[in-house]
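1. this is the structure alone, sequence omitted:
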């Protein structure tokens, strides 16, 4: 089925396409807009600048991946996220290492991870409020996730994405594991 992209998604695809041919810090808002037949003013109607735009692109793409995962082992979801980041490594590596202060992108990633984990657990458990212990475990997991992503983007963690995804899924705090499908849960669906 063919789906129509909204204006924000057009801008995101434009950025992704341009980043395949040009360093992110050299891509202008004007180029992003013109590459998808829009005006610069249209970009600024939706975003205050490139930082906010890249935050939106990341959150949108990650949300899309997570919403399509359904009931599958955590390692498969992690693999999909790493695959997405690998396909667009130029954008995220440049964002993390040079274009914007690292703290800014780090905080964006951590807050996004906390929000995704919290929403997932509330959805699965039916809870409206999580325990203090669950909230703490979410914060630990979010910071660990972002640390791993940062080290992977820097090239300090290397190796097969399948193996990395499984290892990272196995490191889920015990308190949170019950909210996520594990590898052996798939046996029920075979």
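-> Yep, it's here. Since the structure is predicted, the reported quantities are computational estimates derived from the model, not experimental observations. Numbers count the residues shown, from 1 in each chain.

2. I'd guessed residue 24 sits against residue 89; true?
-> No. The criterion here is CB atoms under 8 Å, and residue 24 misses it with residue 89 at 11.0 Å. In short, each C-beta sits where N, CA and C put it, glycine included.

3. more crowded one of these two?
-> residue 24 (19 against 15; other CB atoms under 10 Å).

4. got phi/psi on that one?
-> phi -60, psi -40 (degrees, to the nearest 10).

5. buried residues in the helix ranked longest in the chain?
-> Using DSSP state H, we find that the single longest helix of the chain is helix 102-125. The neighbour-count check on helix 102-125 (16 or more other CB atoms under 10 Å) flags 105-106, 108-110, 112-114, 116-118, 120-121 as buried.

6. same check on stretch 151-166?
-> Using 16+ other CB under 10 Å as the test for burial, stretch 151-166 gives 152, 153, 161, 164, 165, 166.

7. what pLDDT does the residue most central in space within the chain get?
-> Nearest to the mean C-alpha position of the chain, by CA atoms, centre = their mean, lies residue 62 at 3.9 Å. On pLDDT, residue 62 comes in at 73.

8. do you know how far it is from residue 48?
-> 21 Å (CB to CB, to the nearest Å).

9. try residue 57
-> 14 Å.

10. who has more neighbours out of these two?
-> Neighbour count, other CB under 10 Å: between residue 57 and residue 48, residue 57 has more, with 22 against 9.

11. mind checking how far the nearest residue to that one once chain neighbours are set aside is from residue 55?
-> Nearest residue to residue 57 in three dimensions, chain neighbours excluded: residue 12, at 4.6 Å (CB to CB, 6 or more residues apart in numbering). Distance of residue 12 to residue 55, given as CB to CB: 11 Å.

12. domains of this protein?
-> 1-47, 50-189 (automatic domain parsing).

13. ok, the residue nearest to the centre of the chain touching residue 82?
-> No. Assessed by CB under 8 Å, residue 62 is found out of contact with residue 82, at 11.4 Å.

14. so where's the chain shaky on pLDDT?
-> 1-4, 66-74, 90, 92-105, 181-190 (pLDDT under 70).

15. helices of that one, residue ranges please.
-> Going by DSSP H, the chain shows helices at 7-19, 29-35, 40-46, 50-67, 74-87, 89-94, 102-125, 132-153, 161-170, 174-177.
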